[in-house]
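In: A predicted structure for the sequence below; I have some questions about it.
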Amino acid sequence: MSLKKTAVAAVAAAVMLAGTACSAATQNAGQAAATAAGPARNGGKLVVAQAYDPDPASFLKTAIGNIVTEYAVLETLTLIDAQTGEPKGVLAKSWTLAPDGKSMTIQLRDDVTFHSGRKLSAADVAFTIDKAKDPAVGAANQKIAAQISAVQVKSDTELALTFANPLPAIFDLFETMPILNKDSYADYAAGKKVDGTGPFEWTSFTPGGKVELTKYAKYRDAANTHLDSIEVNIVKDPTALVSAIKSGRAQYAVGVAPVDARSLGTQQGFALLSSGGAAFHLGLDVRKPPFDNKSVRQAVQYAIDRQRIVQQAEGGKATAASLPWRPTTAGYDSARANHYTYDPAKAKQMLAAAGVKPGTTFDVATADGPESLAIFQIVKNNLAAVGLEAKPVTMNVPDYQQKLATRTFPTAAVLMQASNGASPATAMVSRPELSAEQNITFFKTPQYSTIAQAVANASSKADKEKALKDFDDYFLDQAFAVALITRPTLTVRASSLNNIVATQMGFLNLGQSWLSD
């Protein structure tokens with residue numbers, strides 16, 4: 001199920017209603033991805049098998065290992081409704097955007113407590129914004145948060161935000177900014193005291209083993225929290241991961257290789273859940289030979305068989321593309337998206353003309369998840385066929401995420417996955433391969449900065465389409481980030497698991513999920 005509108009559209013609607021309060025409509029804004037007939041059933045433990053290590057120090061980074069736990073334990077100010085594209089309140093009761101778009105007043109719910117028992121206050125929101133603004137924290141949308149020039153706590157339930165300029169992407173920031181307890185933040189990284197406001201408490205954490213969550217009895221909507229507990233087991237072996245859900249030891253599996261997920265989703269007793277989205281790129285460090293030569297970077301584009309990645313690594317559930325956008329993005333141009341076709345003969349010719357010797361080697365950093373490794377193997381084979389030897393530098397997911405957040409990879413290339421749920425406006429300031437100020441490829445020119453800023457600032461439909469066209473043309477020509485595929489996030493559930501809600505960014509909310517017989 002695709003997300004049809006973006007946070008930018010939501011903000012544009014809010015601007016038209018400037019000066020009026022936008023009331024919160026639901027607790028579980030997002031995408032109802034799994035439903036079932038019949039009444040919800042209370043009780044039971046949901047067992048999840050997950051390929052990635054959780055990282056309780058990285059809740060502001062939207063680390064992939066936190067995909068199940070983050071929105072069960074923590075909550076955000078708002079979430080964007082997948083059907084309407086409008087922000088819905090979670091911790092925010094209402095908000096008022098000034099007519100000039102340069103300030104916002106937020107009213108918080110007054111019935112929210114942390115699991116430690118302390119009431120949520122506006123000071124906690126201000127603290128979280130300060131952390132999101134800090135480059136050292138590596139928050140997913142730090143560049144958006146940095147545009148909040150002032151935060152004023154007006155009361156325990158009210159705060160005012162001031163922006164340096166109109167901030168169209170503010171709700172994308174809220175989507176990825178779970179509110180933290182200012183008094184216990186220092187304990188989050190240890191994983192022993194993750195004090196959130198969500199329907200489940202973080203009970204225990206064994207790194208590399210499992211996370212245990214239990215229902216928070218004093219949650220404001222505890223009557224609609226049906227599960228007693230959630231257990232997330234870390235299963236990194238791809239075969240064991242599939243076995244865990246097929247055998248019934250787990251009712252939900254996250255990180256299953258797309259080919260296996262697609263196969264499981266067609267079998268009786270299982271269903272394939274599609275949510276959010278991701279884009280895969282090969283980022284090339286433009287400071288390091290041979291990738292300091294644009295012709296070499298373009299040759300790499302022609303060398304890679306994107307359709308093979310779609311079929312072999314993704315089981316057909318992906319789109320081969322030379323651009324980093326979902327096909328549903330406003331202004332998406334399919335002709336430009338297919339600009340680079342698979343042409344190894346042309347790639348060889350271009351490499352030879354650039355003076356690149358056959359057998360030239362370079363390192364590629366990649367995460368150790370099964371999907372990333374499968375894509376890397378295809379890329380490696382394709383490049384070897386044209387005379388380039390890609391050597392993997394494999395990292396565990398938390399280490400990889402840290403390098404991604406800080407843009408500090410020591411390698412000449414990075415195979416990376418970026419969330420594809422946000423709008424191009426947000427992508428320009430948040431995605432590690434696209435940011436004009438600092439990206440993983442170290443590509444930086446005045447022209448790129450101007451083009452990226454135009455995408456970030458565009459508000460009307462015509463302006464968005466023109467800005468994206470200009471960006472796409474320059475991005476394709478400079479070829480510093482080799483777009484490979486876009487795809488939805490695929491997870492596998494047993495038919496007994498009901499009512500999973502996905503956020504715009506592809507994270508999961510199990511707050512009202514339940515188990516049937």
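Out: Happy to help now that I have it.
In: Lys348 against Leu388, yeah?
Out: No. Lys348 is beyond contact range of Leu388, at 10.0 Å (criterion: CB atoms under 8 Å). To be clear about C-beta, it is placed using only N, CA and C from the backbone, and glycine gets the same treatment.
In: with neighbour numbers in mind, choose between the two.
Out: For Lys348 versus Leu388, neighbours defined as other CB atoms under 10 Å are more numerous around Leu388 (25 against 18).
In: list the contacts for the nearest residue to the more buried one once chain neighbours are set aside?
Out: In this structure, Leu388 finds its nearest non-sequential neighbour in Thr360, 5.7 Å apart by CB to CB, 6 or more residues apart in numbering. If you count contacts by CB atoms under 8 Å, 6 or more residues apart in numbering, Thr360 has them with Pro290, Gly387, Leu388, Glu389.
In: what about stretch 230-240, how long is it end to end?
Out: Taking CA to CA, to the nearest Å, the first and last residues of stretch 230-240 lie 20 Å apart.
In: equivalent analysis for stretch 405-418, please.
Out: 11 Å.
In: show me where the stretch 1-150 of the chain has strands.
Out: In the stretch 1-150 of the chain, the strands defined using DSSP state E, counting those that start in this stretch lie at 21-23, 31-34, 45-50, 78-80, 87-89, 92-97, 103-108, 148-155.
In: so which of these is the most surrounded?
Out: Across the strands of the stretch 1-150 of the chain, averaging neighbours per residue (mean count of other CB atoms under 10 Å) puts strand 78-80 on top, at a mean of 27.
In: ok, and the closest non-adjacent residue to the residue nearest the centre of the chain?
Out: Nearest to the geometric centre of the chain sits Ser419, at 3.3 Å (CA atoms, centre = their mean). Excluding the flanking residues, the one nearest Ser419 by CB to CB, 6+ apart is Met505, at 5.1 Å.
In: which element is the one you found on?
Out: Here Met505 is covered by no helix or strand, with elements defined by DSSP states H and E.
In: next one: it, what pLDDT does it get?
Out: Looking at Met505, its pLDDT reads 74.
In: got phi/psi on the nearest residue to Leu120 once chain neighbours are set aside?
Out: Closest residue in space to Leu120, ignoring its immediate chain neighbours: Val112 at 4.1 Å, by CB to CB, 6+ apart. Main-chain dihedrals, Val112, degrees, to the nearest 10: phi -110, psi 130.
In: pretty sure Val112 contacts Arg118?
Out: No. Using CB under 8 Å, Val112 makes no contact with Arg118, being 10.1 Å away.
In: who's more crowded, these two?
Out: More crowded of Val112 and Arg118, by other CB under 10 Å: Val112, with 19 against 15.
In: quick one, what contacts the residue lying closest to Arg287 once chain neighbours are set aside?
Out: Leaving out its chain neighbours, the residue that sits closest to Arg287 by CB to CB, 6+ apart is Phe442, at 5.2 Å. By CB under 8 Å, 6+ apart, the contact list for Phe442 reads Asp285, Val286, Arg287.
In: so the closest residue to Thr341 other than its chain neighbours: helix, strand or coil?
Out: Leaving aside its sequence neighbours, Thr341 sits nearest to Tyr302 (CB to CB, 6+ apart; 7.2 Å). Under DSSP: H, G, I helix; E, B strand; the rest coil, Tyr302 falls in the helix class.
In: state the distance from Tyr302 to Tyr448.
Out: To Tyr448, Tyr302 is 22 Å away according to CB to CB, to the nearest Å.
In: what of Thr486?
Out: 21 Å.
In: so for these two, which residue has more residues nearby?
Out: Between Thr486 and Tyr448, counted using other CB under 10 Å, the more crowded position is Thr486 (23 against 18).
In: secondary structure element for the more buried one?
Out: Taking DSSP H and E as the criterion, Thr486 maps to strand 481-494.
In: the following helix or strand past that strand pairs with which strands?
Out: Moving toward the C-terminus from strand 481-494, the next helix or strand (DSSP H and E) is strand 497-498. Sheet pairing for strand 497-498, assigned by DSSP bridges, gives strand 514-515 (antiparallel).
In: quick one, grab the pLDDT at the closest residue to Leu373 other than its chain neighbours.
Out: Of all residues not flanking Leu373 in the chain, Thr366 sits nearest, at 6.8 Å (CB to CB, 6+ apart). Note for Thr366: predicted pLDDT of 96.
In: and what of Ser496?
Out: pLDDT for Ser496: 94.
In: measure it to Gln251 for me?
Out: Going from Ser496 to Gln251 by CB to CB gives 6 Å.
In: stretch 74-85: which residues count as buried?
Out: Under the neighbour-count criterion of 16 or more other CB atoms under 10 Å, stretch 74-85 has Leu74, Glu75, Thr76, Leu77, Thr78, Leu79, Ile80, Asp81, Ala82, Gly85 buried.
In: cool, and stretch 435-446?
Out: Of all the residues in stretch 435-446, those buried under the rule 16+ other CB under 10 Å are Ser435, Ala436, Asn439, Ile440, Thr441, Phe442, Phe443.
In: including secondary structure and pLDDT, could the residues you listed go into JSON lines?
Out: Converted to JSON lines, those look like this (DSSP: H, G, I helix; E, B strand; the rest coil; pLDDT from 0 to 100):
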{"residue": "Ser435", "secondary structure": "coil", "pLDDT": "90"}
{"residue": "Ala436", "secondary structure": "coil", "pLDDT": "92"}
{"residue": "Asn439", "secondary structure": "coil", "pLDDT": "93"}
{"residue": "Ile440", "secondary structure": "coil", "pLDDT": "95"}
{"residue": "Thr441", "secondary structure": "coil", "pLDDT": "96"}
{"residue": "Phe442", "secondary structure": "coil", "pLDDT": "96"}
{"residue": "Phe443", "secondary structure": "coil", "pLDDT": "97"}
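In: so of those residues, which two are at opposite extremes in space?
Out: Ala436 and Ile440 (12.8 Å; CB to CB).
In: if we can go back for a sec, out of the contacts of Thr360, which are buried?
Out: Buried members of these, scored by 16+ other CB under 10 Å, are Pro290, Gly387, Leu388.
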